[in-house]
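> no FASTA, just this:
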């Protein structure tokens, strides 16, 4: 099990925020997972029924969505989960087929609206710290290019791959998103993973509050 903790700097910079952690080992990723595919179709139908009558401003004002929208505005960004939800509800798009571990997260993310990243835990080194960026920090983006991080996305060091069997999901919740919602997100991810890998082992499942 990975040793993961939050720094005092993160807590001071993010009062009211929370981080959800779900670490699984012994995970299998079959080439095809009919149960997860069926789950995707059910979720797509449910999302369209639930949100089809809402305008874009109404979507943005939903309790959980609104918390992320307000947070993203600090960086003049649009919450990308809102855009993904709109593509399914308004444009008839389908949930993507990437891999069982990636898809398990994405399906849950669209249901709870809680932003979550997935990492190949075998590529991470203990101890892992939840921290804030500082002047001079850089990340390696998913395309490999380095990018400066403003003081105070997921890089390409630990992406989930086809052979990943030890995974860490990290849910990021700004102020206004309750720990109950974060815990629900972690449970949904685990349920989805077990559709393809019923013998997966939970190493840790917890929430760190600022």
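Noted; the coordinates are in hand. Bear in mind that the values here come from a model prediction, so they are computed numbers and not experimental data.
> Wait, a strand at residue 164?
No. The assignment for residue 164 by DSSP: H, G, I helix; E, B strand; the rest coil gives coil, which leaves it out of any strand.
> Look up how far residue 46 lies from it.
The gap separating residue 164 from residue 46 is 28 Å, by CB to CB, to the nearest Å. Backbone N, C-alpha and C define where each C-beta goes, glycine included.
> between the two, who's got more neighbours?
residue 164 (21 against 12; other CB atoms under 10 Å).
> Skipping adjacent residues, who's closest to the more buried one in space?
Closest residue to residue 164 apart from its sequence neighbours, by CB to CB, 6 or more residues apart in numbering: residue 120 at 4.5 Å.
> neighbours of residue 66, just the number please.
Neighbours of residue 66 using other CB under 10 Å come to 17.
> dump the residue contacts of it.
Residue 66 sits next to 60, 176 when contact means CB atoms under 8 Å, 6 or more residues apart in numbering.
> how about it, secondary structure?
From three-state DSSP, the assignment for residue 66 is helix.
> Helices of the protein, start to end?
8-13, 34-51, 56-60, 63-73, 80-89, 100-112, 179-196 (DSSP state H).
> what sits opposite the residue nearest the centre of the chain in the beta ladder?
Nearest residue to the geometric centre of the chain (CA atoms, centre = their mean): residue 116, 1.0 Å. For residue 116, the beta-bridge partners under DSSP bridges are residue 171.
> what's the spacing between it and residue 61?
Distance, residue 116 to residue 61, using CB to CB: 22 Å.
> and what of residue 33?
The span separating residue 33 from residue 61 equals 35 Å under the rule CB to CB.
> ok, the two, which is more surrounded?
When residue 33 and residue 61 are compared for neighbours, residue 33 comes out ahead with 22 against 12, by other CB under 10 Å.
> Was I right to think the residue nearest to residue 164 contacts residue 169?
No. Here residue 120 lies out of contact with residue 169, judged by CB atoms under 8 Å, at a distance of 11.3 Å.
> Pick out whichever of the two has more residues nearby.
Counted by other CB under 10 Å, residue 120 and residue 169 do not tie: residue 169 has more neighbours, with 26 against 18.
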